[in-house]
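Engineer: sequence-free structure coming up:
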């Protein structure tokens, strides 16, 4: 929020543009899958698509999403590791790019190795996603925004507080239900 020219525009941007788009997108996809597959739907939504153009398009979108996400996360992780290695004199300041590439290769290799040695890796990733995604994507930002409103001169309306409360409640329900269903799935397989 510190990069915004006018912080008071945040509620309009969030509630007026971002939130309706996310709600319509997730609701549209979820209802479409439920309409066409009903209770037979299980696992990832992409697995429910018949092989063809739509499935390839969805897979391409997923690949793009994963690449962007990996680049963003790996940049942060690699930068932190690089700074720690430079502080502890493990690498010299002149070897920064070589060290960066080596760290990236090490992170990819370690990720692949971890995915191979954990027998329930897919379920483990589902558990991490069910537990951390609602927290990181919804609950923590809502709490930080509430803290920002509480400690600054920015005022929020009753409608905004209502929608924030609804979003917080839904996020908490998703956190509980997603974690519980993933744990049940892990226990059934073991």
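Structural biologist: Now that the structure is in, tell me what you want to look at. Being a predicted model, the structure only gives us computed values, none of them experimental.

Engineer: which secondary structure element contains the residue lying closest to residue 138 once chain neighbours are set aside?
Structural biologist: Closest residue to residue 138 apart from its sequence neighbours, by CB to CB, 6 or more residues apart in numbering: residue 171 at 3.8 Å. C-beta: built from backbone N, CA, C; applies to glycine. Secondary structure from DSSP states H and E places residue 171 in helix 158-189.

Engineer: in that helix, what counts as buried?
Structural biologist: For helix 158-189, burial by neighbour count (16 or more other CB atoms under 10 Å) applies to 160, 163, 164, 167, 168, 171, 174, 175, 178, 179, 182, 185.

Engineer: now do stretch 12-21
Structural biologist: Residues 14, 15 are the ones in stretch 12-21 that count as buried (16+ other CB under 10 Å).

Engineer: quick check, distance from that stretch to the centre of its chain.
Structural biologist: Here stretch 12-21 is found 18 Å from its chain centre; the criterion is CA atoms, centre = their mean, to the nearest Å.

Engineer: Same check on stretch 145-164?
Structural biologist: Remark: stretch 145-164 is offset 24 Å from the chain centroid, using CA atoms, centre = their mean.

Engineer: next one: stretch 24-38
Structural biologist: Taking CA atoms, centre = their mean, one finds stretch 24-38 lying 20 Å from the centre of the chain it belongs to.

Engineer: repeat for stretch 179-190
Structural biologist: Taking CA atoms, centre = their mean, one finds stretch 179-190 lying 21 Å from the centre of the chain it belongs to.

Engineer: From residue 63, how far out is the residue nearest to residue 138?
Structural biologist: Separation of residue 171 from residue 63 (CB to CB, to the nearest Å): 27 Å.

Engineer: what does residue 116 give?
Structural biologist: Separation of residue 116 from residue 63 (CB to CB) stands at 21 Å.

Engineer: now residue 88
Structural biologist: Residue 88 is 36 Å from residue 63, by CB to CB.

Engineer: The helix or strand of the chain with the lowest mean pLDDT: what's the following helix or strand?
Structural biologist: Confidence across the helices and strands of the chain bottoms out at helix 10-13, with a mean of 80, counting by mean pLDDT, DSSP states H and E. Next in sequence after helix 10-13, counting helices and strands by DSSP H and E, comes helix 19-37.

Engineer: just checking, what packs against that following helix?
Structural biologist: Packing contacts for helix 19-37, counted by 3 or more CB pairs under 8 Å, 6 or more residues apart in numbering; DSSP states H and E, involve no helix or strand.

Engineer: Now do it and helix 158-189, the angle between them.
Structural biologist: 40 degrees (axes from the mean of the first three to the mean of the last three CA atoms, to 10 degrees).
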